[in-house]
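> got a structure for you, letters missing:
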């Protein structure tokens, strides 16, 4: 079995001194064709890998390309594994019964064993069971949507709903004993004033904080999401790195370096 996801992520965070999660969201409209998309995406991954604690491919952009897109995703995951870079597959899956089991098998076992998956809990907490079981059995992890980064999240996540989800994440984490668990949480970096609250509510959860860069979140505001020692959270930037200046690879590298350095500085402030 591979090293459990949370442990591998923490080890890389401390060894490389990075809390940056690089999102790889390749938009076909930015490229000549799918081959150009594939080449640039893999180049961004390889170039920025030393600056990353993990990567986060958004499955929608690969699925939009059909079978060729899924083949590109396989290459992205294979290269990341070769670079010893943890992979969070951003799919926001969630369903009932055998369908949830099939999603868990698709993205947390086999070729993707040891990776993590974002999961939508809004069909009920029991829908998390197949994902939790698969993650625990294969050294993976899941990141449960608790408080997402989009402005209209309050339509469904207000009125105490996010608090209920956070309590379930905390309960699942406590089942595993001390330390960071295989059940993490998505909390938008666009809610900096709430980060201390969510950190306290889910003490064993690794927090995935999307929204750095293009969505307006600032690294300087995010220190409250981390546990002592600067672990327990990663902050995701996607467009702000992959398309920092069109398809300029050097601009992608500079953007990743800046985000990494700003996150580290925030923890020292």
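Alright, I've got the coordinates. Source: prediction; values computed, not measured. Numbering: from 1, shown residues only.

> excluding sequence neighbours, find me the nearest residue to residue 198.
Of all residues not flanking residue 198 in the chain, residue 187 sits nearest, at 4.8 Å (CB to CB, 6 or more residues apart in numbering). For glycine as for every other residue, the C-beta is placed from the backbone atoms N, C-alpha and C.

> low-confidence stretches in the chain?
Counting by pLDDT under 70, the chain has low-confidence residues at 1-2, 155, 157.

> what about the helices in it?
Remark: helices assigned in the chain by DSSP state H are 5-16, 34-48, 59-63, 67-82, 97-108, 129-138, 154-157, 161-174, 195-201, 239-242, 249-268.

> residues of the third one that come out buried?
Residues 59, 61, 62 are the ones in helix 59-63 that count as buried (16 or more other CB atoms under 10 Å).

> any idea how far the residue sitting furthest away from the middle of the chain is from residue 38?
No residue in the chain sits farther from the centre than residue 32, which is 28.0 Å out by CA atoms, centre = their mean. Distance, residue 32 to residue 38, by CB to CB, to the nearest Å: 11 Å.

> cool, and residue 70?
12 Å.

> and if you look at residue 73?
Distance of residue 73 to residue 38, computed by CB to CB: 10 Å.

> re earlier: wait, what's in contact with the residue nearest to residue 198?
Residues in contact with residue 187, defined by CB atoms under 8 Å, 6 or more residues apart in numbering, are 146, 147, 194, 195, 198, 207, 208, 209, 225.

> could you work out the most separated pair of those residues?
194 and 208 (14.7 Å; CB to CB).

> the more surrounded of those two?
Legend: neighbour count by other CB atoms under 10 Å for residue 194 and residue 208, higher for residue 208 (28 against 16).

> let me see the contact set for the more buried one.
Counting by CB under 8 Å, 6+ apart, residue 208 has contacts 21, 56, 88, 118, 143, 184, 185, 186, 187, 233, 234, 236.

> nearest to residue 100, of the residues you listed?
residue 118 (13.9 Å).

> who does the closest one form a beta bridge with?
residue 143 (DSSP bridges).
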